[in-house]
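Trainee: Just a sequence and a predicted model for now, questions to come.
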Amino acid sequence: MSRPEIEIRDLHKSFGDNHVLRGIDLEIAQGEVVCVIGPSGSGKSTLLRCVNLLEEPTKGQVVVGGTELTDPDVDIDAVRRRIGMVFQQFNLFPHLTVTENLTLPQRRVLRRDRAQAAKVAAENLERVGLTEKASAYPSSLSGGQQQRVAIARALAMGPEVMLFDEPTSALDPELVGDVLAVMRMLAQDGMTMMVVTHEMTFAREVADRVIFMDGGVIVEDGSPEQVITNPQHERTRHFLSRLLDPAMANVEENNAG
Ligand SMILES: Nc1ncnc2c1ncn2[C@@H]1O[C@H](COP(=O)(O)OP(=O)(O)O)[C@@H](O)[C@H]1O
Ligand SMILES: [Mg+2]
């Protein structure tokens, strides 16, 4: 078997005395799509953020594409260029056009010249189906279109790995499908992806593996069939039943304080 694209070994992360990640071990192969599910506060975002060093792990190893990110001598900017990240909030520059949002990081970080950056921007806008919005400003786009621009901006940097943190959670329900369709296309194109999402249909159809996290550990790790359809752990079953019945989730979260 070839080397995993992402290797995480005994990863711990604490914020003060809040021990959030409590020993995560995970390998993700090249081209694999892994969906991460779990209750709010279980450490999903912190895990993704440790994979591109937006958070510094307290203990353990993270290796991406054979480079150990947790090596103190690593060129972290060089590694980050290989890892695209898409957040719930799109974080586009409101005063720049769509094309400018895509060309700016290429020029600043990758030092591409204007023509090259514009060419790569156009290719990636086409990939996400937004060629006709190249000159538009973000405020004139729907949330779903803005998120597709954010995905194109990440892709324009030529990443080996894409991390998605609840990319559709801020969207109106009717706009979710177009964003998921772009992510599905990326998966089919062979991108290595870690996706925090509660879109179970997407996880079932697109993920190679689903990971259920709770309390800073991986409780369950397997195929969508194993984890979603036939979970082995009570905590996973409980979480999935709450997803299907959000009214119950609210009651329990209020009780939990
Ligand atoms: N930058 C931070 N500073 C302090 N605490 C944080 C920070 N980021 C996350 N946490 C804490 O870590 C825990 C897990 O958060 P998070 O990873 O965002 O969970 P999830 O994404 O699963 O909802 C929470 O208790 C949260 O308050
Ligand atoms: Mg989160």
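Mentor: Great, that's in hand. Ligands and ions are numbered 1, 2, ... in the order given.
Trainee: Scan the helices and strands of the chain for the one with the lowest mean pLDDT.
Mentor: Across the helices and strands of the chain, mean pLDDT, DSSP states H and E gives its lowest value to helix 246-256, namely a mean of 58.
Trainee: where exactly do the helices run in the chain?
Mentor: Ranges of helices in the chain, per DSSP state H, are 44-51, 76-81, 98-109, 114-127, 143-155, 173-188, 200-206, 224, 234-244, 246-256.
Trainee: Make sure residue 32 is actually in contact with residue 209.
Mentor: Yes - distance between residue 32 and residue 209: 6.8 Å, which falls inside the contact criterion (CB atoms under 8 Å). In this view, the C-beta of every residue, glycine as well, is placed from N, C-alpha and C.
Trainee: Can you pull out the low-pLDDT segments for this protein?
Mentor: 1, 247-257 (pLDDT under 70).
Trainee: With distance to residue 38 added, can I get the helices of the chain in TSV?
Mentor: TSV is the format used below for the helices of the chain (distance: least, CB to CB, whole Å):
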stretch	distance to residue 38
helix 44-51	6
helix 76-81	25
helix 98-109	30
helix 114-127	30
helix 143-155	22
helix 173-188	19
helix 200-206	12
helix 224	15
helix 234-244	7
helix 246-256	13
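Trainee: How many neighbouring residues does the spatially closest residue to residue 3 that is not a sequence neighbour have?
Mentor: Nearest residue to residue 3, sequence neighbours excluded (CB to CB, 6 or more residues apart in numbering): residue 66, at 6.0 Å. Here the number of neighbours of residue 66 (other CB atoms under 10 Å) works out to 9.
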